[in-house]
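[1] Return atomic coordinates for the entry below.
(one chain, ligands or ions: 2)
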Amino acid sequence: AAAAPPPVIRKLDENVVNKIAAGEVIQRPASALKEMLENSLDAGSTQISVTVKEGGNKLLQITDNGSGIRKDDLPILCHRHTTSKLRQYEDLETISTLGFRGEALCSISFVSHMSVTTMARGAQYGYRVTFKDSEMEPPGPRPVAAVPGTTITVEDLFYNVPTRRKALKSATEEYGLILDVVGRYAVYSTGVALTCRRQGDSRPDISTTAAGSRVDAVRSVYGTEVARELLPLCVSAGGGTGPEVPVDGPMGLRVEGLISGANYGSGKKTVLVLFINGRCVECSPLRRCLEGLYGTLLPKAARPWIFLDVRLPPRQVEVNMHPTKREVGFMHQVEVIEEIRRAVESKLLASNECRTFATTA
Ligand code: ADP
Ligand code: MG
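    Ligands and ions are numbered 1, 2, ... in the order given. I've put the predicted structure just below:
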């Protein structure tokens, strides 16, 4: 049989391109929230509060006391690839902000009803504006009474993407994923007061203070049981031990952490709260390695709780691996993981409980 004539190739409508791209960055309420939370942190906020309704399907609202957004920037706020954070591609090597792609707000505006109230530091007024499909809706920014900072409200997420809506889990499960994101940042971001609550609840589910220590944050997010079992961890390898993060050297690794000991972690699931150069990421090889180590050393506490703040020379870390930035690539991965494993091992062996366990087992 004769082949059919070739189909015509056409350029996709920009609106279609944007809708497709939106699905890549924003998979569920928790991923939208993560992007917004990172924006608030990038804006230098010390107070951030999150309000959620129906697992974020109905409402996601985040209020911060950061820099705010200049009125003149509002018209392009939700355009694709507009950002205040990156100028040259080379800057990616040393970027210190969590964002740089300029596409999160754009993506969110394509799949929700979004409104922004913001007052720039130093400005006289605040402004409120709504966005749809990356564009500001008429009549544009309206002056409102406000305090410096920004509130972003996202309603009816995926209202126009029924397949995505159907793929979501129950409101309770989606809310759990939101709490997981907020909880990780709450532990990492000492100096920032973070709260997360369901709309209508007077008591927040997560609430940390700006003055509290990291262990205070762990207690408030993950509970007393974890917080009282933590051992501090400190690693510094290859590249000097000075107070500054080394820029060169084969590894230049520095780690500060909190890890659970012998009296925690039977039957619960492992929690690894991992930040690499300030980014909340996953690293399955490291996770497997540490799980294996606990399983061997402390079979009765084989489901540990671990927080690691890992610093590597910025040039050894590739941040642009994926639109969601869920993973980063880093050089010397095997050596870095081994260094961390060794440190955790000696910490556990040095702790009394473990020695007791080892001798009585
Ligand atoms: P990116 O974070 O990659 O720059 P986004 O789409 O997340 O891209 O945000 C676009 C821009 O909007 C940011 O570069 C920032 O200037 C501004 N912005 C977003 N959220 C906030 C906020 N909470 N406070 C101040 N500025 C914000
Ligand atoms: Mg961002």
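[2] Now do the SS call for the residue in the stretch 51-200 of the chain that ligand 2 sits nearest to.
    Proximity of the stretch 51-200 of the chain to ligand 2 (Cβ to the ion) peaks at Gly99, 2.9 Å away. Where you see a C-beta, it was placed from the backbone N, CA and C, and this is true even at glycine. In three-state terms, and counting by DSSP: H, G, I helix; E, B strand; the rest coil, Gly99 is coil.
[3] List the residues that contact it.
    Taking Cβ atoms under 8 Å, 6 or more residues apart in numbering as the contact definition, Gly99 lies against Glu35, Glu38, Asn39, Asp42, Thr83, Lys85.
[4] do that again at 6 Å, thanks
    Residues counted as contacts of Gly99 (Cβ atoms under 6 Å, 6 or more residues apart in numbering) are Glu38, Asp42, Lys85.
[5] I figured Val181 hits Ser31, correct?
    No: in this structure, Val181 sits apart from Ser31 without contact. The criterion is Cβ atoms under 6 Å, and the distance is 8.4 Å.
[6] Next, please give the residue ranges for the helices of the protein.
    Across the chain, reading from the start of the chain, the helices by DSSP state H fall at 14-25, 29-42, 104-110, 162-167, 171-188, 214-222, 224-227, 284-297, 333-350, 352-360.
[7] Near ligand 2, which residues of the stretch 51-200 of the chain? Just list them.
    For the stretch 51-200 of the chain, the residues in contact with ligand 2 (Cβ under 5 Å from the ion) are Gly99, Ala104.
[8] and the residue of the stretch 51-200 of the chain nearest ligand 1?
    Scanning the stretch 51-200 of the chain for the residue nearest ligand 1 gives Gly99, at 2.2 Å (criterion: Cβ to the nearest ligand atom).
[9] now the stretch 251-361 of the chain
    Of the residues in the stretch 251-361 of the chain, the one nearest ligand 1 is Lys325, at a distance of 9.5 Å by Cβ to the nearest ligand atom.
[10] Quick check: pLDDT value at that residue.
    With respect to pLDDT, Lys325 has a value of 78.
[11] now swap in Asn352 and tell me
    Per-residue confidence (pLDDT) for Asn352: 63.
[12] same question, Val147
    The predicted local confidence for Val147 comes out at a pLDDT of 94.
[13] ditto for Arg355
    In the predicted model, Arg355 carries a pLDDT score of 54.
[14] my guess is Thr117 meets Thr151, correct?
    Yes: using Cβ under 6 Å, Thr117 is in contact with Thr151, at 4.5 Å.
[15] Next, count neighbours for Asp267.
    Not quite, residue 267 is Gly, not Asp. Applying the criterion other Cβ atoms under 10 Å, we find 8 residues in the vicinity of Gly267.
[16] Need the per-residue pLDDT for it.
    So, for Gly267, pLDDT stands at 72.
[17] what's the answer for Gly55, then?
    In this model, Gly55 carries a pLDDT of 98.
[18] List the single closest residue to Arg164 in space, sequence neighbours excluded.
    Phe158 (4.5 Å; Cβ to Cβ, 6 or more residues apart in numbering).
[19] can you give me phi and psi for Ser84?
    Dihedral pair for Ser84: phi -100, psi 10, per degrees, to the nearest 10.
[20] Against Pro148, how distant is the nearest residue to it once chain neighbours are set aside?
    Sequence neighbours aside, Asp73 is the residue nearest to Ser84 in space, at 7.4 Å (criterion: Cβ to Cβ, 6+ apart). In this structure, Asp73 lies at 15 Å from Pro148, with Cβ to Cβ, to the nearest Å as the measure.
[21] and the two? which has more neighbours close in?
    Regarding Asp73 and Pro148, a neighbour count based on other Cβ under 10 Å identifies Pro148 as having more, with 16 against 12.
[22] Surely that one is in contact with Ala123?
    No: under the criterion of Cβ under 6 Å, Pro148 makes no contact with Ala123, lying 7.8 Å away.
[23] would TSV of the helices of the chain with distance to ligand 1 be doable?
    Below are the helices of the chain laid out as TSV (distance: least, Cβ to the nearest ligand atom, whole Å):
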stretch	distance to ligand 1
helix 14-25	9
helix 29-42	3
helix 104-110	3
helix 162-167	19
helix 171-188	14
helix 214-222	21
helix 224-227	30
helix 284-297	25
helix 333-350	26
helix 352-360	43
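[24] contact partners of stretch 177-187?
    By Cβ under 6 Å, 6+ apart, the surrounding residues in contact with stretch 177-187 are 30, 33-34, 37, 50, 52, 56, 194, 196, 205-206, 208, 217-218, 221, 273, 280, 307.
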